[in-house]
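Visitor: Below: sequence and its predicted model.
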Amino acid sequence: MMKIVLLGALSTASLYFAQTYPVSAIPENLKKNADVVVRKDLTTVLINKIDEIKYQYTNVTTVLNKDGDSKAAIYIPYKKGDNISDVKVTIYDEAGKKVKSYSKSDFGDFANNANGTFYSDNRILALSYTSAFYPYTVDFSYQITNENTVFIPDFVPFSSTNVSLEEGQFNIINKSGIELKTKTYPSKYNYASVIENDNGNEKSYSYKNVPAIEDAFLIPQPVKILPKVSFALTKFNLAGKEGTLNSWTDFGSWYYKNLVEPVAVSTPAIKAEVAALQLQGSTEEKVKKIYQYMQTKTRYIFVALGIGGWLPMLPDEVQKKGYGDCKGLTNYMKVLLDEAGIPSYYSVINSGFSPVSFDPDFPKMGGNHVILMVPTDKGNIWLENTSQQLAFNHLSFSTTDRNVLAVKKNGIELIDTPVYSADQNKEKQLLRVKIGEDNSITGEGSFSYTGNQYDYNLGFISLNPKEKNEALKNRFNVLDFEKVEMKNYVNDRDKAVITYDLDFKTNNYSKKAGNSLIFRAVPIFSDNIYKTEENRNLPFEIRQSFEDEYEIGFTLPKGYKIDEVPENIKISSEFGYYQLNFVKNGEEVKVIRKIQVNKGMYPKEKYNEYIGFRKKTINMDNSKILITKI
């Protein structure tokens, strides 16, 4: 029976080479919201022994429009020592007629890094193909054999929005005698399901007819919507280093011994660096001084070295050269702390806009980034080591609210990173505005940002004054600025607060109505367009909580009095709240605005309710004040 399944899988793959793929054969439901349709996605994995694994890939993708080109890119990531064979590419037109074919000799060979790598074991074979017409179909197949058996990929229908799948199949044949653990994660939203066939050492998984996930407003990442199957061998090899993976404890011990301890090596120069800092005070004060010193003398650059790109650069190299990747810089910071007698933990994380955590019950190699955790009596200190500008003990939106693999000598501990509450992700805006009789306003503003809103304003630091002003014009384009000038931009790296001041003038802010002027109560606000959806078929994710607090003081032109201001208002919902208050004082009116929005994954049935809440807040921001000539 085993031989029949194996032969069936391989002969099926061979059969697809002889097929053509007319676009007319694609079911209509798979074209909806799709830039590409994956017609066939076939993977066969042969695990021959602890240090030999062979992948056979066949992927047939129809590109429906220009936006789909990048989703059908033709490339093979590999590492030095991998054996790549049977590379075939055939291009078909809309009718399924062959247009062109390519072989391995047509591919270029590059370092697998967009940022430029000095030394790299990671490579990529890539074929540059530009179609003169749409739709077209790419039939791409190859085999690759390597020695690293720790990285068996998950089987998911697709990883991007606007991609649909006609048929996907993953066959895994284990001849190694090593136990292979698997875990199936069903779709929480019944979006698709996995068909499983388990014949002992031969397992087969498949998906059929999975429609595209539209890149809609607040759509969660596909990984949060789709099912997946994960795989892990209980014994594995990584570049000649064998280990066991029965639990996070034994995997962590291997990780520490092979990927952390060998490079956690100090030198006399590093000892001298720490001694020169003359550290005093609490643990937190010492860590801050070392971290901010490290930031001044290093910069981030992608460097993939050693064991499959997972072994950090030696701290001596980082210290001398002044650069490193996330692994090298984190390890260098760890060694500096070691010299100060402060323990810290190298922590692997899934970095990304939407939080993704490791499964405590299914240990496997993973993660795409490394940070450092320093335990103290007052709580954990978290250090992002790739930024020269980021504040001390501040994690950005791409690393908060998920767990890390904290690598310790006796194993891995899964630890949660901080979750910033709405009032920690805060914008404070203080405006002083003079209303002109000519419908203009002149104003001064003070702004401050914390938490994730700090992250969104860090980019200003790299801009010159003119660029800062242009960026503000674009950001606050709800005001048609005649003049805008940012002043006193400060990035407080001790407290994770960004502040700046603003001088501005804008025309056509108010409107004349006889002897009166009418103007908007809130000058600067988000003018996003919120649209209801009649047939929302997936949940929506508000990725970050936030709170905005505005105080706006309007000074009236001489000879005018306040005629009408709106009633004070407060709107509350499960998504947050909004309040707008007015205080009249002679020739001045003060507007106090506060909005709070709560993060979360919300069911599709509540989408239009959320849109209604946000529409109300915008309507309130557009509330009008009426002043009249005396």
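Guide: Yes, it's here.
Visitor: make it CA atoms for all contacts and neighbour counts henceforth
Guide: Will do.
Visitor: Please name the residues that touch the closest residue to Val419 other than its chain neighbours.
Guide: Among residues not flanking Val419 along the chain, Asp401 sits closest, at 4.7 Å (Cα to Cα, 6 or more residues apart in numbering). By Cα atoms under 8 Å, 6 or more residues apart in numbering, the contact list for Asp401 reads 355, 416-420.
Visitor: again, only this time at 7 Å
Guide: If you count contacts by Cα atoms under 7 Å, 6 or more residues apart in numbering, Asp401 has them with 355, 416-419.
Visitor: can you give me the helices in this structure?
Guide: 2-17, 28-31, 222-225, 248-255, 268-276, 283-297, 315-321, 326-339, 452-457, 465-475, 607-621 (DSSP state H).
Visitor: now, of those, which is deepest in the fold?
Guide: Each of these was scored by mean neighbour count; the highest is helix 326-339, a mean of 25, by mean count of other Cα atoms under 10 Å.
Visitor: Off-centre distance for that helix?
Guide: Mean-position distance between helix 326-339 and its chain equals 24 Å (Cα atoms, centre = their mean, to the nearest Å).
Visitor: Present the contacts of Asp401 as a markdown table; the columns should include pLDDT.
Guide: Listed next are the contacts of Asp401 as a markdown table, based on pLDDT from 0 to 100:
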| residue | pLDDT |
| --- | --- |
| Pro355 | 91 |
| Asp416 | 98 |
| Thr417 | 98 |
| Pro418 | 97 |
| Val419 | 96 |
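Visitor: Among these, which ones are in strands?
Guide: The members of the contacts of Asp401 that map onto strands under DSSP state E are Asp416.
Visitor: Where does pLDDT dip in the stretch 301-450 of the chain?
Guide: Counting by pLDDT under 70, the ranges of the stretch 301-450 of the chain that qualify are 302-309.
Visitor: Kindly list the longest strand within this structure.
Guide: As assigned by DSSP E, the longest strand anywhere in the chain is strand 36-49.
Visitor: Specify the beta-bridge partners of Ile498.
Guide: Beta-bridge partners of Ile498, counted by DSSP bridges, are Tyr449, Asn491.
Visitor: Now do it against Gln388, distance only.
Guide: Using Cα to Cα, to the nearest Å, Ile498 is found at 15 Å from Gln388.
Visitor: and if you look at Val60?
Guide: Per Cα to Cα, Val60 is found 44 Å from Gln388.
Visitor: Would you mind telling me which of these two has the busier surroundings?
Guide: A direct count of neighbours by other Cα atoms under 10 Å for Val60 and Gln388 places Val60 higher, at 26 against 17.
Visitor: so Phe582 makes contact with Ile569?
Guide: No - taking contacts as Cα atoms under 7 Å, Phe582 lies outside contact range of Ile569: 9.4 Å.
Visitor: So for these two, which sits in the more crowded spot?
Guide: Higher neighbour count among Phe582 and Ile569: Phe582, with 19 against 12, using other Cα under 10 Å.
Visitor: about what we covered before: can you name every helix or strand that the longest strand of the chain contacts?
Guide: Other helices and strands packing on strand 36-49, by 3 or more Cα pairs under 7 Å, 6 or more residues apart in numbering; DSSP states H and E, are strand 52-63, strand 163-174.
Visitor: what angle separates it from strand 52-63?
Guide: Angle of strand 36-49 versus strand 52-63, following axes from the mean of the first three to the mean of the last three Cα atoms, to 10 degrees, is 170 degrees.
Visitor: Output strand 36-49 as PDB, nothing but the C-alphas.
Guide: Provided in PDB are the C-alpha atoms of strand 36-49 (Å, rounded to 0.1, in the frame of the first residue of the first chain):
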ATOM      1  CA  VAL A  36      -3.900  35.000  -9.200                       C
ATOM      2  CA  VAL A  37      -5.400  31.500  -9.100                       C
ATOM      3  CA  VAL A  38      -3.200  28.700  -8.000                       C
ATOM      4  CA  ARG A  39      -4.300  25.800 -10.200                       C
ATOM      5  CA  LYS A  40      -2.100  23.100  -8.700                       C
ATOM      6  CA  ASP A  41       0.200  23.300  -5.700                       C
ATOM      7  CA  LEU A  42       1.800  20.000  -5.100                       C
ATOM      8  CA  THR A  43       4.600  19.200  -2.600                       C
ATOM      9  CA  THR A  44       6.100  15.800  -1.900                       C
ATOM     10  CA  VAL A  45       8.500  15.600   1.000                       C
ATOM     11  CA  LEU A  46      10.800  12.600   1.400                       C
ATOM     12  CA  ILE A  47      12.600  12.400   4.800                       C
ATOM     13  CA  ASN A  48      15.300   9.900   4.100                       C
ATOM     14  CA  LYS A  49      17.400  10.200   7.300                       C
END
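Visitor: strand partners of it, parallel vs antiparallel please.
Guide: When pairing is defined by DSSP bridges, strand 36-49 lines up against strand 52-63 (antiparallel), strand 163-174 (parallel).
Visitor: Quick check: end-to-end length of stretch 392-406?
Guide: End-to-end distance of stretch 392-406 (Cα to Cα): 19 Å.
Visitor: Please apply the same query to stretch 77-84.
Guide: As for stretch 77-84, its first-to-last residue distance stands at 10 Å under the measure Cα to Cα.
Visitor: just stretch 415-434 next, same as before
Guide: One end of stretch 415-434 to the other measures 51 Å (Cα to Cα).
Visitor: before we move on, back to that, of all the helices and strands packed on strand 36-49, which lies closest to Val370?
Guide: Taking Cα to Cα, strand 52-63 is the member of those nearest to Val370, at 26.8 Å.
Visitor: Any of the contacts of Asp401 buried? List them.
Guide: The neighbour count (16 or more other Cα atoms under 10 Å) marks 355, 417-419 as buried among the contacts of Asp401.
Visitor: For Ala340, state which of those is nearest.
Guide: The closest of those to Ala340 turns out to be Thr417 (Cα to Cα; 24.1 Å).
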